[in-house]
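**Student:** with the sequence up front, the predicted model follows.
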Amino acid sequence: MEEKQHGAATQVGPSMAPKLEVVRGENVGETFKVKLTTRIGREQDNDIIILDPKMSRYHAQISMEAGQWLLTDLGSSNHTYLNGTIVTEPTPLKPGDRISLGETELVLNVPGAAVTEPAPARTAPMPVIPPPPGAAVPPPAPGLPRLAWIAGGFILLLFLVAAAILYFIFSRPPAGEETVTEAGTPTAIVDPSSGDSQPPAEAPNRPADLALIYEDDFGDSFSGWDDAFDAYTTKQYGNNRYQIEVTTSNLVAWGLANRDVADFEVEVEAKLEDGADSNGYGLLFRFQDRENFYRFDISGDGYYLLSKFVKGEWATLVDWTASPFINKGKSANILKVSAFGPHLTIWANGQQLATVEDDSLSHGNFGFFAGTFSEPLVWVSFDNLKLWAPPNQEITLLPTATRPRGLPPAATLPAATPLPPMATPTPTAETTAEAEATIEAEATAEPTEEPTVTPTSEPTATPVPLPEYASRDQTLARGEKEVTGRIIFPVFDAARGTYDIYIADAFDGAGKELVQKDASQPALSADGADLAYRSWQPDKRGLFARPLSGGDAWQINPFFESARPQFSPVDKSLIFHSRVGGKEPAVYRVVNGVGEVMRREGFPIQGESAKWSPDGQQFVYSSCLGGKCGVIRSNIDGANPVILSDHPTDTNPEISPDGSTVVFMSKRSGNWEIYSVGIDGGPISALTSDPANDGLPTWSPDGSKIAFVANRDGEWSIWDMDPDGGNQRRLFAIGGSIDGTVQLDPSNSRSWTEENIDWAP
């Protein structure tokens, strides 16, 4: 079936996304989808990976520019050939082109492209064979009079017209009759609008004299919609449609008409070109800014959602509901919103889906969007946008709110000005005799483990912030539940040159409150009742603990070099590490207020960033053992150490609540990322891979999620993900940086990699 791209009638057909078919080489027969920007080569981070030994690591790229597909050579060693000619500059592609890369040849196939049909073969005229001599020639059949033929045809025509009228009368439902969707939502049967005709007047409070005041078929690439892209999104004209692509999970990007209107009906044809059917796309309306708008979603598997984002808070007006009127898969759907006063009505393919009343927003911009949930790709094209409004409706033109095409400027993170190193003062009278004995014993013992490789404080990567047309603020996917509990975290105050500790709801950061000033490295007891932390107060240095709800704090350890206190999940004893006396960090344990260095075969256990196992019988930490450095698991008495990972930057390990898996952060790939490994070792899995920094992983109380910090999009935020690294979602921004140097004591302030976050019930 020929795929139409224009017209009000919904067209159902294959995606217009081009495909590359391998016709020569190791991968013969394989087919690859082409995205708006597709890089081809041998490296694993290419969009199309082909292990051809004569292909370069990054060989060629196909991209859509100014409405046409271009092939670009990326400086390959063996060149890129198009139909046998070397590609020296970006070259337009057409269906059927043959692209040669190394020993691999690919053919570009574009669904829906015109194909030249072969001319029908010319047939030689049949010779006339006369009858044999003497043969009897049958007489011609007698014909009916011409008038009889005409009369019979007229009677047949009248009969067909009468039958059509009767069918129309008896098959059409009475006016106002409702049918019921799969989810039981009443839906009015209406005729879909077509061409420039006005939509039917079934929407509440809809004026009868609406006028078509704006339309765009996107055939003109200068009609006012901007071409723009960043690391994760692309939006641009192409193939007489407007395209939006998102290539990471839990991100939404939009395009706006830049016209402010109050009462209206808006309609667009939207087509899912590529990506998971569970992702969403649709219409934005009464869009005032990125924190105030309405949103009408549909998904490729036939569901719809109506929600609002007001003052930065999501509210669901109509929850995800299945509808038989939504075309599934890579099909087009005509979406429409009627908004008159507080009455909001949503439609799909001429069928009313739902009507609600909400007066949160009375006017605003309009446009469309595409967004991802757990699956990291969606590509949607839009066409035939139309807006109807009352004749006296005031329309205000708005300036374009998005950046011009190109990458946005990088954000500059504040940096603290370091002060000269401070000498460690003599402990105050609060120092216990047990602590003094511990330090003395440590000084006289020779360790068996190699010195711990401590990550040094390095400038963190400065990620590019999201453009104005994209946001991490996403609705919940269908079936997705809000995470529960609270997360406690430190924030560096650059103006004061110190840290403070905050706690907030895990799902969205609501209820954020200051817990402890001049402190960092927060850790909660298993029941969330008690807080341990490192104090940076000039008159109260060291490690402290107190009830989370408030009350007097008690000192765990007085030394400036001590860090990362952690409660046992069993008896609220604590472990921490200390570099007291300038030595390599060693692991300490505090039981019933008495602190002592932990030992193995009589010698101190050197290491840092220790955390308990759920049963309190083991702990994991970062150290070196037997010439290897990484994450180590050990019994609480120091026996049976097992090295689980193999890189000196592996640090901040934490065991899952079921005791099966250890997560940790590492710079083994050149950038701070999060990894996991089994409790007994084995293969190491990368859970994150992002140009920004990801770290400080912690498990949710039920073990279903992992929270971590990241400075993606130019701001430090709390994120979460599934235990396998999937469904990465930003929960909330922490409101500052987690990285900084404490001005009071720069020598003992060792950057964000020594910080900690915790997830409480």
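**Tutor:** Arrived safely. Numbers count the residues shown, from 1 in each chain.

**Student:** hmm, who's touching stretch 646-655?
**Tutor:** Defining contact as CB atoms under 8 Å, 6 or more residues apart in numbering, one finds that stretch 646-655 is touched by 453, 455, 608-609, 611-614, 618, 620-622, 624, 628-631, 644, 661-668, 675, 679, 684, 695-699, 753, 756. For glycine as for every other residue, the C-beta is placed from the backbone atoms N, C-alpha and C.

**Student:** so which strand or helix has residue 373?
**Tutor:** Residue 373 is part of no helix or strand, with elements assigned from DSSP states H and E.

**Student:** which residues touch residue 706?
**Tutor:** Contacts of residue 706 (CB under 8 Å, 6+ apart): 663, 674, 687, 697-700, 720-723.

**Student:** for it, name its beta-bridge partners.
**Tutor:** When bridges are taken as DSSP bridges, the partners of residue 706 come out as residue 699, residue 721.

**Student:** which residues in this structure form helices?
**Tutor:** For the chain, applying DSSP state H gives helices covering 146-171, 433-444.

**Student:** which of the ones you listed has the lowest average pLDDT?
**Tutor:** Of all those, mean pLDDT reaches its minimum on helix 433-444 (a mean of 37).

**Student:** can you tell me which of the contacts of stretch 646-655 are buried?
**Tutor:** Buried members of the contacts of stretch 646-655, counted by 16 or more other CB atoms under 10 Å: 453, 455, 608-609, 611-614, 618, 620-622, 624, 629-631, 644, 661-668, 675, 679, 684, 695-699, 753, 756.

**Student:** beta-bridge partners for residue 487, please?
**Tutor:** residue 504, residue 759.

**Student:** roughly how far apart are it and residue 719?
**Tutor:** As judged by CB to CB, to the nearest Å, residue 487 and residue 719 stand 11 Å apart.

**Student:** between these two, what contacts are shared?
**Tutor:** 707, 731.

**Student:** kindly reformat the contacts of residue 706 as a markdown table containing distance to residue 648 and pLDDT.
**Tutor:** Compiled in a markdown table, the contacts of residue 706 are given as follows (distance: CB to CB, whole Å; pLDDT from 0 to 100):
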| residue | distance to residue 648 | pLDDT |
| --- | --- | --- |
| 663 | 18 | 99 |
| 674 | 17 | 98 |
| 687 | 20 | 97 |
| 697 | 18 | 99 |
| 698 | 22 | 99 |
| 699 | 24 | 98 |
| 700 | 29 | 98 |
| 720 | 28 | 97 |
| 721 | 25 | 96 |
| 722 | 28 | 96 |
| 723 | 25 | 98 |
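
**Student:** residue 509: which of those residues is nearest?
**Tutor:** Nearest to residue 509 among the contacts of residue 706, counting by CB to CB, is residue 720 at 12.0 Å.

**Student:** low-confidence stretches in the chain?
**Tutor:** 1-16, 111-202, 400-462 (pLDDT under 70).

**Student:** where do the domain boundaries of it fall?
**Tutor:** 19-109, 180-397, 486-760 (automatic domain parsing).

**Student:** compute the first-to-last residue distance for the last one.
**Tutor:** So that's domain 486-760. 5 Å (CA to CA, to the nearest Å).

**Student:** can you give the distance from it to the centre of its chain?
**Tutor:** 26 Å (CA atoms, centre = their mean, to the nearest Å).

**Student:** ok, the first one next?
**Tutor:** Distance, stretch centre to chain centre, for domain 19-109: 27 Å (CA atoms, centre = their mean).

**Student:** contacting residues for the residue positioned nearest the centre of the chain?
**Tutor:** When the chain is reduced to its mean C-alpha position, the closest residue under CA atoms, centre = their mean turns out to be residue 249, at 2.0 Å. Contact partners of residue 249, counting by CB under 8 Å, 6+ apart, are 372-376, 726-729.

**Student:** ok, of the residues you listed, which one's closest to residue 709?
**Tutor:** Nearest to residue 709 among the contacts of residue 249, with distances taken as CB to CB, is residue 728, at 12.6 Å.

**Student:** how about that closest one, what does it touch?
**Tutor:** Residue 728 touches 249-250, 688, 719-721, counting by CB under 8 Å, 6+ apart.
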